[in-house]
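Visitor: Have a look at this fold, sequence not included:
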């Protein structure tokens, strides 16, 4: 019997559901879990997950301690310099999440607000670039960020729209105040620089899953009731 090649897959410890749940929970599940299983099953590869803090996960991949990351990784020009990316598997935007009784009419409404952001994310970079004078509150996990908003410690938080959608599905006291202009983004699977053969194999299967409808089935399972 031929032994399957094992891929070491990096996973965000903060569990950006519905992309994926907490690895140590009773049911480890989510859109990316199903998608990666469909791809690796087709290629005859095994997966071994390794949970990391988001602030160090990309560095681990760059150093070769991981084979890939499938955990809501946004494709950016700077990351492309040091990593390989598959074709995107999801398009999204950044959004501002607020309490139900609050409102945002324009991007200028973010001025002078206390804004919550997760460390080492594109949301953090966006706020540092566009609202450097604002009071910012950093959090290591999504849960902590949303908790701060509910506790009134921040006026709003910035998050990726699919992840915000997952949180808002369970929390009707919060809502998306607005989608941030010019933040159209994509998630893709990140690999080590130079892993071109593996990237091409993944791209081939991604195309196949879209052609045969499996991708759409997985997408509907996780995002049918989520607006983003």
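Guide: Looks like it came in fine. Quick caveat, the model's predicted, so the values are computed rather than measured. Numbering: from 1, shown residues only.

Visitor: does the residue most central in space within the chain sit in a helix, a strand or a coil?
Guide: Centroid-nearest residue in the chain: residue 72, 2.3 Å away (criterion: CA atoms, centre = their mean). Following DSSP: H, G, I helix; E, B strand; the rest coil, the label given to residue 72 is coil.

Visitor: Read off the pLDDT value for it.
Guide: With respect to pLDDT, residue 72 scores 97.

Visitor: Same question for the one 3 residues further on.
Guide: Reported pLDDT at residue 75 in the predicted model: 98.

Visitor: and if you look at residue 2?
Guide: 57.

Visitor: Now do the helices in the protein.
Guide: Here the chain has its helices, by DSSP state H, at 31-43, 54-63, 77-82, 122-130, 142-150, 161-170, 196-211, 214-223.

Visitor: mean confidence for the first one?
Guide: The average of the pLDDT scores along helix 31-43 is 98.

Visitor: what helices or strands is it leaning on?
Guide: Counting contacts by 3 or more CB pairs under 8 Å, 6 or more residues apart in numbering; DSSP states H and E, helix 31-43 packs against strand 45-52, helix 196-211, helix 214-223. All C-beta atoms are positioned from the backbone trio N, CA, C, and that covers glycine.

Visitor: In CSV, list the ones you listed along with distance to residue 182 and mean neighbour count.
Guide: Converted to CSV, the helices and strands packed on helix 31-43 look like this (distance: least, CB to CB, whole Å; neighbours: other CB atoms under 10 Å):
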stretch, distance to residue 182, mean neighbour count
strand 45-52, 30, 16
helix 196-211, 27, 16
helix 214-223, 23, 16
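
Visitor: Specify the stretch among those that is closest to residue 31.
Guide: The closest of the helices and strands packed on helix 31-43 to residue 31 is helix 214-223. By CB to CB, the value is 4.0 Å.

Visitor: tilt between the closest one and helix 31-43?
Guide: 160 degrees (axes from the mean of the first three to the mean of the last three CA atoms, to 10 degrees).

Visitor: tilt between helix 214-223 and helix 161-170?
Guide: Using the same axes, to 10 degrees: helix 214-223 against helix 161-170 is 40 degrees.

Visitor: Residue numbering should commence at 641 henceforth.
Guide: Renumbered: residue one is now 641, and that last one reads helix 854-863.

Visitor: which outside residues touch helix 854-863?
Guide: 658, 670-671, 674-675, 678, 729, 802, 805, 846, 849-850 (CB atoms under 8 Å, 6 or more residues apart in numbering).

Visitor: what about stretch 718-728, distance to the chain center?
Guide: 15 Å (CA atoms, centre = their mean, to the nearest Å).

Visitor: Quick one: mean pLDDT over that stretch.
Guide: Mean pLDDT, stretch 718-728: 97.

Visitor: what about that stretch, how long is it end to end?
Guide: 16 Å (CA to CA, to the nearest Å).

Visitor: in it, what counts as buried?
Guide: 719, 723-726 (16 or more other CB atoms under 10 Å).

Visitor: repeat for stretch 647-655
Guide: Buried-residue list, stretch 647-655, by 16+ other CB under 10 Å: 647, 649-655.

Visitor: can you tell me which two in the residues you listed are farthest apart?
Guide: It's 647 and 654 that sit farthest apart of those, by CB to CB, at 21.6 Å.

Visitor: With residue 714 as the reference, measure out to residue 823.
Guide: Residue 823 is 10 Å from residue 714, where distance means CB to CB, to the nearest Å.

Visitor: same question, residue 754
Guide: Per CB to CB, residue 754 is found 24 Å from residue 714.
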